[in-house]
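Asker: One predicted model, sequence on top.
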Amino acid sequence: MTSQKTISFLSEDISFELEHQNDIQNWIQDAISKEGKTTGEITYIFCSDEYLHKINKEYLQHNTYTDIITFNYCVDDIINSDVFISIDRVKENSEAFKTTFQNELSRVIIHGILHLIGYDDKSGSDKEVMCAKEDFYLSLLST
């Protein structure tokens, strides 16, 4: 029996539609496969800063704004998750980091996947590895 691979994109409390959805889905699946994992059910929910802040306080007890919260439902090597991304925060960060909105959004999307795969960014050396992986996968994205 084969498992159904599903990567979906929704929006909550804002009007946002991801461009190049099929390309992004294929890119995410390719990254997961390259890391020796299997794509399960992954849902990206695009939302506002306030919506994500509320989730951060309610579920993680963090009273801070963030660009992404990843709920890990992985089983063995099958990647399953709900990934919440603040479009407000991505826009602000793209300006702060002097990059395009699409590039920053793609970085955040793959950042969440890397966390689910097992990468961390708590220490300096872990952060270096995470950034290098992000850059590698961003170089493979053609939208």
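Answerer: Done, it's in. None of the values given here were measured: they were computed from a predicted structure. Numbering: from 1, shown residues only.
Asker: Now do residue 133 against residue 91, distance only.
Answerer: Residue 133 is 24 Å from residue 91, where distance means CB to CB, to the nearest Å. The way it works is simple: take the backbone N, C-alpha and C, and place the C-beta from them, glycine included.
Asker: between those two, who's got more neighbours?
Answerer: residue 133 (19 against 15; other CB atoms under 10 Å).
Asker: is it true that the more buried one touches residue 119?
Answerer: Yes. Taking CB atoms under 8 Å as the definition, residue 133 is a contact partner of residue 119 at 6.2 Å.
Asker: what's the burial count for the closest residue to residue 141 other than its chain neighbours?
Answerer: Using CB to CB, 6 or more residues apart in numbering and skipping residues adjacent in sequence, the residue nearest residue 141 is residue 27, 5.0 Å away. Other residues near residue 27 come to 22 when the count uses other CB under 10 Å.
Asker: give the contact list for residue 27.
Answerer: When contacts are counted by CB atoms under 8 Å, 6 or more residues apart in numbering, residue 27 is found next to 110, 137, 140-141.
Asker: Can you tell me the SS state at the residue positioned nearest the centre of the chain?
Answerer: Computing the C-alpha centroid of the chain and ranking residues by CA atoms, centre = their mean puts residue 109 first, at 2.8 Å. Of the three states, residue 109 takes helix according to DSSP: H, G, I helix; E, B strand; the rest coil.
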